[in-house]
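A.B. asks: This is a predicted model, with the sequence first.
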Amino acid sequence: METKQLLKTLKIVVILALILGVIGAVFYLIYGFTLLWQAMAAGIVTGFLLILLFILLGLTIYLWLKLVLLRRELEKCQKELRIRNQEDPDPDYEN
């Protein structure tokens with residue numbers, strides 16, 4: 001009789017241990033997936049920021065080159081205006 005009670009108690013303990021083990025494994029998997037999800041999210045955010053950085057860097061280089069070319073064109077126009085002004089001075093223009 002005592003053996004049967006011991007077996008029942010042992011079965012209950014084993015079942016409870018299995019249930020706790022399964023719950024612990026599920027929590028561990030959820031924790032692992034959470035870490036994996038955070039790592040993936042961090043990778044996606046980092047990738048997005050790198051893409052944004054390269055776009056802004058390209059835009060900066062484009063605008064800088066445009067500024068340099070505009071300055072060159074402005075200097076050419078200023079020289080041309082000085083030459084025209086020296087060749088044919090306007091009497092209405094007062095300096």
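C.D. replies: Here it is on my side, so go on.

A.B. asks: How far away from the center of its chain is the helix or strand encompassing Leu67?
C.D. replies: Under the criterion of DSSP states H and E, Leu67 resides in helix 2-87. Offset of helix 2-87 from its chain centre (Cα atoms, centre = their mean, to the nearest Å): 5 Å.

A.B. asks: now for that helix, which elements pack on it?
C.D. replies: Judged by 3 or more Cβ pairs under 8 Å, 6 or more residues apart in numbering; DSSP states H and E, helix 2-87 has no packing partners among the helices and strands. For every residue, glycine as well, the C-beta is placed using N, CA and C.

A.B. asks: Just give me the residue right at the centre of this protein.
C.D. replies: Leu49 (2.1 Å; Cα atoms, centre = their mean).

A.B. asks: Distance check, that residue against Ile55.
C.D. replies: Separation of Leu49 from Ile55 (Cβ to Cβ, to the nearest Å) stands at 11 Å.

A.B. asks: Next, count neighbours for Leu29.
C.D. replies: If you count neighbours by other Cβ atoms under 10 Å, Leu29 ends up with 10.

A.B. asks: let me fix that: Leu63
C.D. replies: That count, for Leu63 with other Cβ under 10 Å as the rule, works out to 10.

A.B. asks: If anything else comes up later, I'll come back, but that's it for now.
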